[in-house]
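> dropping the sequence and predicted coords here.
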Amino acid sequence: MANTFAFVESRGGDLRRVGLESVTAARHLADATGGGDVHALVVGAPGIASKTEMIAAHGADVVEVVEHPGLALYSPEVVAATAADRIGAGSYRAAFFSASAQGRDLAPRVAAKLGVALGADVTAFEASGDAIIVRHPVNTGKVIATLSITGTPVLLSLRPGAVTAARAPRTARVEAIAPAMDPASARVVPKELLAGNTAKLDLGEAPVIVSGGRGLRAPENFKLVEDLASAFGNAAVGATRAVTDDGWRPHTDQIGQTGRLVSPDLYVACGISGAIQHLAGMRTSKTIVAINKDREAPIFKIADYGVVGDVLEVLPVLTDAVRKAKHSH
Amino acid sequence: MKIAVCIKRAADMETRFKIAANGMSVDETGVKFDIADFDGFAVEAALQLKEREGAGDVTVISMGPDTVQETLRKALSMGADKAVQLKTDAVPADALAIARVLADELEGGGYDLMLFGRMAIDAANQSVGPMTAELLGVPCVSAASQLTIANGRGTARRELEGAADVLEFPLPAVVTIDEGIARPRLPSLKGIMAAKKKPLEVKPAQVGESRVKVTKMELPPERTGGRIVGEGPAAVPELVRLLQTEAKVL
């Protein structure tokens, strides 16, 4: 029997879905190793304690809550010191973080503070004897590594979506904890959170991604991509590196080897030829649709459904059809 | 300003990878290697900071066997001033073991800024930079997409999912570099010639225990795509039907 630990990521006073995925993962590992307790840590400004019920509902037996007015924004040094303190105070087989922007900053700091190994960006995990065995995509997802990690605790950051957050309600004990250091004494000071368009779905979380490339011919034609995304209603808009390099779209929209790695249920590639650097970012999508005028474009080799044609002509018709299909439900 | 940039030699990601006979590594036969993508951005960021100040010194550091000398020379030909190879047969899979070697080298080096790529494009751990900062006890901002340095302080922007944040920190510090800062320059012929005369120091690396071991490498299942539904707008009804009835995503 082994206890496990989960860091529950939040932003702006709300839990992030990846935070609950950590709790579910910690629950899975605790149950698989004889049913230990799950201790979850959540950090934020006063008010974050209202989220403890949600955390308990996903399988936490103990919820440790750190509330401080100086922690409205993610403060790397304070959160790392606090998480290292809490993990060090218990006896855990493993501690779960999210392989999100925040988690990939936090987990290595905590691992170094504790002097323990970190399995980063893992897509699967299991306990095996003294080790935790994980799977981790390397070489831009073209190779999958299986790693054996020893020591206690083993820190793991979980790739978003690798585990589906699931309800497993517990009656959790809630403990109020003080931050391990005064936020005012942090050297790295978070100054502001530049919220993107909050109505816009994030590429990592959207079930559908409509993505555009050079085949759109001009930045204003991205309107057609946005129209199709809005017809789906649950879609985010992505772009190729060629397009973000030219300033048609922000760098944050780039899907590919050096941009975002995504695996939505549906990926619609519009005017994208399928450079290897782009395929690296989206090849694990469940269903891929490609629209391109060049029948020989590499994107068609990995697309489940290809339409050969001018994206500027096909998109308006597809947008209409998707809108009608959505309305007929 | 004295800047160190820690870089890794990595395979060209356009390679069609094969798994080696031992099933635990990638077959390197015929594979091209270069500075790992994000590490190239970090070298470029360092060179631009030096050029903006009109003074300074950029040291590139890489851990690995003698093949990393080629990678270090590339950074020297881009404009770095000197290079250090931390010689070891292989780079361990344990990011903390790597960070310990780099921290030993950086400690006492008097660097104002220690840059890394956001992650090595091959191992994709995104861990070594922040771990090294913790071991050195210096401030760290990871995955910076913008970086400005003035009066001994830095300001960096980090991209989050659907948002961004801005952080300030004092030097000396570790910053890991994301895409968006700068495309790495191509070495000029003059730079390539000059690089041959720049100092490249070889030091043995003391690699400690690695608690992360690779037990298997495999290729993911191939995608079986390639189905053309039709041509032009006339293909849309059939596409929508397939998305509804076969893929069940609409």
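It's in.

> so what are the domain limits for chain A?
With domains defined by automatic domain parsing, chain A comprises A:3-185, A:208-327.

> what average pLDDT does the last one get?
Domain A:208-327 shows a mean pLDDT of 95 in the predicted model.

> what about it, start to end distance?
End-to-end distance for domain A:208-327, by Cα to Cα, to the nearest Å: 17 Å.

> does any part of it sit near chain B?
Yes. Under the criterion of Cβ under 8 Å from any Cβ of the partner chain, chain B is reached by domain A:208-327 at A:208, A:232, A:245, A:251-252, A:254, A:257-259, A:265-266, A:276-277, A:280, A:283-284, A:286-289, A:295, A:300-310, A:313-314, A:317-318, A:321-322, A:325-326. In this view, the C-beta of every residue, glycine as well, is placed from N, C-alpha and C.

> Throw together a PyMOL command that grabs the buried residues out of the residues you listed.
Burial among those is assessed by 16 or more other Cβ atoms under 10 Å in any protein chain shown; the matching PyMOL selection reads:
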select buried, chain A and resi 208+232+251+252+254+257+258+259+266+276+277+280+283+284+287+288+289+300+302+303+304+305+306+307+308+309+314+317+318+321+322+325
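
> might one say that B:L136 is in contact with B:E105?
No. Counting by Cβ atoms under 8 Å, B:L136 does not reach B:E105; the two are 10.5 Å apart.

> and residue 31, what pLDDT?
No chain specified, so I'll use chain A. With respect to pLDDT, A:D31 has a value of 96.

> my bad, chain B
Note for B:V31: predicted pLDDT of 97.

> and for it, the neighbour number?
Counted with other Cβ atoms under 10 Å in any protein chain shown, residues neighbouring B:V31 total 14.

> in three-state terms, label it for me.
coil (DSSP: H, G, I helix; E, B strand; the rest coil).

> all helices of chain B, in order?
If DSSP state H is used as the criterion, the helices of chain B fall at B:37-53, B:68-78, B:95-106, B:128-136, B:189-195, B:236-245.

> most neighbours per residue, which of these?
When these are scored by mean count of other Cβ atoms under 10 Å in any protein chain shown, the highest mean neighbour count falls to helix B:128-136 (a mean of 27).

> report the beta-bridge partner residues of A:P137.
A:P137 forms beta bridges with A:I144, as assigned by DSSP bridges.

> would you confirm that it contacts A:A124?
No. Using Cβ under 8 Å, A:P137 makes no contact with A:A124, being 10.5 Å away.

> compare these two (neighbour count), which wins?
A:P137 (18 against 14).

> nearest residue to A:V42 in space, please, no chain neighbours.
In space, and not counting its chain neighbours, A:V42 is closest to A:V8: 4.4 Å by Cβ to Cβ, 6 or more residues apart in numbering or on different chains.

> near that neighbour, how many other residues are there?
31.

> check the contact between it and A:A40; I expect there is one.
Yes. The pair A:V8 / A:A40 is scored as a contact, 5.2 Å apart, by Cβ under 8 Å.

> give me the common contacts of these two.
Common neighbours of A:V8 and A:A40 are listed as A:22-23, A:55 (criterion: Cβ atoms under 8 Å, 6 or more residues apart in numbering or on different chains).

> tell me the confidence at B:T155?
B:T155 is given a pLDDT of 98.

> return the distance of B:M131 relative to chain A.
According to Cβ to the nearest Cβ, to the nearest Å, B:M131 stands 4 Å off from chain A.

> now do the same for the closest residue in space to that residue that isn't next to it in sequence: its pLDDT.
Closest residue to B:M131 apart from its sequence neighbours, by Cβ to Cβ, 6+ apart: B:A99 at 3.7 Å. Listed pLDDT for B:A99 reads 98.

> same check, this time on the one 5 residues further on
Note for B:D104: predicted pLDDT of 98.

> out of everything not next to it in sequence, what's closest to it?
B:Q206 (6.9 Å).

> what are the boundaries of the strands in chain B?
Counting by DSSP state E, chain B has strands at residues B:2-6, B:9-11, B:33-35, B:57-64, B:82-87, B:113-117, B:140-150, B:153-160, B:163-170, B:173-177, B:200-204, B:212-218, B:228-231.

> contact partners of the second one?
This means strand B:9-11. A:139, B:17, B:26, B:28, B:31-37, B:39, B:62, B:64, B:67-68, B:70-71, B:120-122.

> that one: how far from the chain's middle?
9 Å (Cα atoms, centre = their mean, to the nearest Å).

> Provide the strand pairings for it, with the direction of each partner.
Partners of strand B:9-11, by DSSP bridges, with direction: strand B:33-35 (antiparallel).

> identify each buried residue in the strand it pairs with, please.
In strand B:33-35, the ones that count as buried by 16+ other Cβ under 10 Å are B:33-35.

> need the residues you listed in CSV (columns: distance to A:L155).
As requested, the buried residues of strand B:33-35 are exported to CSV (distance: Cβ to Cβ, whole Å):
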residue, distance to A:L155
B:F33, 30
B:D34, 31
B:I35, 28
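
> which one of these is nearest B:A156?
Nearest to B:A156, judged by Cβ to Cβ, of these is B:I35 at 21.6 Å.

> which residues does the closest one bridge with?
Bridge pairing for B:I35 - DSSP bridges - gives B:R9.

> how far away is it from A:A162?
Noted for B:I35: a distance of 30 Å to A:A162, by Cβ to Cβ, to the nearest Å.

> re earlier: which one of the strands of chain B lies nearest to A:D182?
Once these are compared by Cβ to Cβ, strand B:163-170 is nearest, at 16.7 Å.

> pairing partners for the closest one, with directions?
strand A:189-195 (antiparallel), strand B:153-160 (antiparallel).

> what distance separates that strand from the middle of the whole chain?
Centre to centre, stretch against its chain (Cα atoms, centre = their mean), the figure for strand B:163-170 is 21 Å.

> give the rounded mean pLDDT of that strand.
pLDDT averaged over strand B:163-170 gives 95.

> swap in stretch B:199-207?
Here the average pLDDT along stretch B:199-207 is 97.

> can you give me the offset of it from its chain's centre?
19 Å.

> which residues sit against that stretch?
So stretch B:199-207 is in contact with B:63, B:69, B:72-73, B:76, B:82-88, B:92, B:97, B:101, B:104-105, going by Cβ under 8 Å, 6+ apart.

> tell me how far stretch A:234-244 lies from the chain's centre.
17 Å.

> for it, how far is the first residue from the last?
End-to-end distance for stretch A:234-244: 23 Å, by Cα to Cα.

> can you tell me the closest non-neighbouring residue to A:L20?
Of all residues not flanking A:L20 in the chain, A:A165 sits nearest, at 3.8 Å (Cβ to Cβ, 6+ apart).

> next: A:V43.
Per Cβ to Cβ, 6+ apart, closest to A:V43 is A:V66, 4.4 Å.

> hmm, who's touching the strand or helix carrying the one you found?
Taking DSSP states H and E as the criterion, A:V66 maps to strand A:62-67. Strand A:62-67 is contacted by residues A:37-49, A:52, A:55-56, A:82, A:86, A:172-179 when judged by Cβ under 8 Å, 6+ apart.

> of these, buried ones?
Here, 16+ other Cβ under 10 Å leaves A:37-44, A:48, A:52, A:55-56, A:82, A:86, A:172, A:177, A:179 buried among the contacts of strand A:62-67.
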